[in-house]
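In: build the 3D model from these lines:
(2 chains)
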Number of protein chains: 2
Amino acid sequence: MNLRQLGEDRLIEKFVSQLPKGQGVIAGAGDDCAVMRISGKDNLLLLKTDCVIEGVHFLKKAPPAAVGWKAMMRPLSDFAAMSGLPQFALITLIVPPTTKVSWTSNLYRGLHQAAAEFDVSIVGGETSATNGPATISVSVAGVVEGNRWTARSGGKTDDELFVTGRLGGSAKGGHLRFRARIEESRWLTEHFPIHSMMDLSDGLGADLPRLARASNLSFEIEENTLPRNRGCTIQQAINDGEDYELLFSISPKRSKSLAREWPKRFPNLPLTRIGRFTPKSKFRNQTWKGYVHFQ
Amino acid sequence: MNLRQLGEDRLIEKFVSQLPKGQGVIAGAGDDCAVMRISGKDNLLLLKTDCVIEGVHFLKKAPPAAVGWKAMMRPLSDFAAMSGLPQFALITLIVPPTTKVSWTSNLYRGLHQAAAEFDVSIVGGETSATNGPATISVSVAGVVEGNRWTARSGGKTDDELFVTGRLGGSAKGGHLRFRARIEESRWLTEHFPIHSMMDLSDGLGADLPRLARASNLSFEIEENTLPRNRGCTIQQAINDGEDYELLFSISPKRSKSLAREWPKRFPNLPLTRIGRFTPKSKFRNQTWKGYVHFQ
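Out: Below you'll find the model as predicted:
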C-alpha cells in the first residue's frame, strides 16, 4: 500500500495521533497547534528546525529507520550545542504519493526511537505530497537554564579548544547512527564554565572558523592532535563533516581539571584538546573548507 | 546572481542574521538554537509547523512576496484556531541552487511582512538545496492563557456553528492574500465561551467533519446560509478550500449576544451562523469532500 491509497488523515492517525502524550503535553497531534505546559519559570525557550533531504543528507537506499533517527538527532545535536534540554518535536514529511506505507512506518520508528532517547515528545507535524525528493523536517522546542546556555559568541583569547569523540569518515555510516551529545553537554555546563560551544555538522574546517568569527577571535589548531576515526586522514577529519561532536572552548585555568574529570564520567568517549583561541588576525584563515550548501 | 553563487553563510547573513531582535529574543538566527524568554508564567506553549510547496500550494509564476506571506500566514492561522498569540518563527527554505537571489529576497520580504502583522519575531531557520520543487516550511511558537485555548474537541450537542468571512474561490488569489484571524479569535475568547474552534484550510466540507469527529458529534448545515465569495456556488463554498476563516461552536444561549456584538467590533467581516452540532449519528456524513492530500 502507498500513501495515496492510505490518505492523509489516516496517515496522521496511524503515525502521530496515537502517540502517548508525554509529560507536559496537553494537546498533541490532531488539533491545530500542539499545546504544552512550560517547565521552570526561570528557563529560557529554545527552538531549532532542521531537515534531511533524499540525495543530499541520505541516499534513496538508506534504511528508513536510520533516516528517521538522523532527522531527529540533527536538531537534538543543536540542543546539545546550547546545553539545552529538548522537550517537544514537530515533524514535517514531504514525500511522493507513491511512497510505500512500510517505508513511512519505518521512518517514524526511527524518529520515535531517537526522540525517546532524550524523552522528547512528538507533538504534531504534517505531511504533504511532492514530485521531488523525500524531505523530512524536524522542529524542536525545549528549555535551558538562564545561567547555563552556551552561545557561540562567548569564546575568549587563550581559551583552549576541545572536541568530543573522533572526526571524519561519517559518510561510511556514522552520519546515520550518531547520538546527540546532550548528556555530555549537560554535564559540561553543570561542572565547568564553558565559554563557547557548537556542534560539528559541516566539518571542523567549516565550523571552527564560524565559532571563532562569532567570538571575534582567530584560532590555532594542532592538526596532529585531531582525534580521527579509524582509517581517516587529517584532511578527512577536518573536511568530511557530519561528525555531530561538540566543539567548545574553556579557560586554560580549568582545562586540566576538565581533562581529569571527563574520563571518569565518560570513559568510552574521548575528549581531546585540539588548539586554542588567539586574538583576531587581520588575515582570515581561508584554507579550510567543510561542507558548504549550494556549492 | 543565484543562491549557488551567494553561498549559504552569506544567504543566512543577508536574510536572517541582520534582523532586529524582537521582544524576548535573547539569541536569534546565527547560533545553534534560538533562545527566547517565555512570557507569562501561567501561559501554555503552542507549537505549529506548516509548509508550502511549489506546484501544490503555489504556482511557479506566483509573486514570491505573496508566497512568503502565505507561508507565514498558514501557521499563524492555526494560532488563530487556538486563540493563541504567535511569538517566534523559524523558516526552512528548500530551493534549487539556481534560484535567483532576487526571488529569495522577495520571498523573505513577504515572510517578514506577514510576521510583522502580529509582532512575530523570525528567530532562525535554515536553507538547503534540492533538485525538486521550492518548499518553504515555517514553524511557529507562541503562548495562550490556560483558560482561553480552544480545542477542536470541546463542541457540545446543540452548539451553534459559525464561520467568519466568506467561503470559496480562493484559487483566484485569496489563498495568497488572506490574513490570519488572530484578532478576531482573541476577541471571541475574551468575551464568549467558545466550545470548539478550528481554521478552514481544506474546505468546510473536509474540515467541519473533522471538528465534529473531534467533539464526537454530528452536524446539520443549512447550505443556503453559507457565506459565499462573489461568483461562488454553494458547492464551491463547501469544497474549494484555503479559506483560512474561523469555524467555531458556541452554546445557543450565547449566540444571539455574539451575533449582536460582533458587527460592532468587526464591521467589515461577516459572521454567519451556518448550522449546529447534533448527537453523533451512526451513519457517517460522507457526502462532503474537501481538499485531501495524496488523493
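In: what segments of the stretch 51-200 of chain A are helices?
Out: A:64-82, A:101-117, A:174-177, A:182-191 (DSSP state H, counting those that start in this stretch).
In: distance to A:V56 added to those, as TSV?
Out: All C-beta spots, glycine's among them, are computed from the backbone N, C-alpha and C. As requested, the helices of the stretch 51-200 of chain A are exported to TSV (distance: least, CB to CB, whole Å):
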stretch	distance to A:V56
helix A:64-82	12
helix A:101-117	16
helix A:174-177	12
helix A:182-191	25
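In: let me see the contact set for A:N229.
Out: Taking CB atoms under 8 Å, 6 or more residues apart in numbering or on different chains, we find A:N229 in contact with A:166-170, A:174, A:237.
In: that should have said A:E54, apologies.
Out: Contacts of A:E54 (CB under 8 Å, 6+ apart): A:60, A:133-135.
In: circling back to that earlier point, now flag whichever of the contacts of A:N229 is closest to A:R152.
Out: Closest approach between the contacts of A:N229 and A:R152, by CB to CB: A:L167, at 18.6 Å.
In: could you find the closest non-adjacent residue to that closest one?
Out: Setting aside the residues directly before and after it, A:L167 is nearest to A:A237 in space (CB to CB, 6 or more residues apart in numbering or on different chains), at 4.0 Å.
In: helix or strand for the one you found, which one?
Out: helix A:234-239 (DSSP states H and E).
In: list the helices and strands that helix packs on?
Out: In terms of contacts (3 or more CB pairs under 8 Å, 6 or more residues apart in numbering or on different chains; DSSP states H and E), helix A:234-239 is packed against helix A:204-214.
In: show me what the helix it packs on packs onto, helices and strands only.
Out: If you count contacts as 3+ CB pairs under 8 Å, 6+ apart, helix A:204-214 packs onto strand A:194-199, strand A:218-221, helix A:234-239, strand A:246-250.
In: could I get these as JSON lines with mean pLDDT, distance to A:G24 and mean neighbour count?
Out: Below are the helices and strands packed on helix A:204-214 laid out as JSON lines (pLDDT from 0 to 100; distance: least, CB to CB, whole Å; neighbours: other CB atoms under 10 Å in any protein chain shown):
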{"stretch": "strand A:194-199", "mean pLDDT": "96", "distance to A:G24": "25", "mean neighbour count": "24"}
{"stretch": "strand A:218-221", "mean pLDDT": "93", "distance to A:G24": "40", "mean neighbour count": "17"}
{"stretch": "helix A:234-239", "mean pLDDT": "94", "distance to A:G24": "40", "mean neighbour count": "18"}
{"stretch": "strand A:246-250", "mean pLDDT": "98", "distance to A:G24": "27", "mean neighbour count": "26"}
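In: tell me which of those sits nearest to A:Q87.
Out: That would be strand A:194-199 among the helices and strands packed on helix A:204-214, by CB to CB, at 18.3 Å.
In: in its sheet, what does the closest one sit against?
Out: Paired strands of strand A:194-199, with direction, are strand A:246-250 (antiparallel) (DSSP bridges).
In: how about the helix or strand that comes right after the strand it pairs with: buried residues?
Out: Per DSSP H and E, the first helix or strand lying C-terminal to strand A:246-250 is helix A:252-265. By 16 or more other CB atoms under 10 Å in any protein chain shown, the buried positions in helix A:252-265 come out as A:254-255, A:258, A:262.
In: the next helix or strand after helix A:252-265 packs against which elements?
Out: Going down the chain from helix A:252-265, the next helix or strand is strand A:271-278, by DSSP H and E. Where contact means 3+ CB pairs under 8 Å, 6+ apart, strand A:271-278 is packed against strand A:160-164, strand A:218-221, helix A:252-265.
In: adding distance to chain B, write those out as JSON lines.
Out: JSON lines is the format used below for these (distance: least, CB to the nearest CB, whole Å):
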{"stretch": "strand A:160-164", "distance to chain B": "15"}
{"stretch": "strand A:218-221", "distance to chain B": "17"}
{"stretch": "helix A:252-265", "distance to chain B": "21"}
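In: out of those, name the one with the poorest average pLDDT.
Out: The weakest mean pLDDT among the helices and strands packed on strand A:271-278 belongs to strand A:218-221, with a mean of 93.
In: how's chain A carved up into domains?
Out: Segmentation of chain A into domains, based on automatic domain parsing, reads A:3-145, A:152-278.
In: any idea of the mean pLDDT in the longest one?
Out: Think domain A:3-145. 85.
In: which stretches of the stretch 1-150 of chain A form strands?
Out: Using DSSP state E, counting those that start in this stretch, the strands of the stretch 1-150 of chain A run over A:25-27, A:34-37, A:43-53, A:85-95, A:121-129, A:135-145.
In: with that, I have no additional questions.
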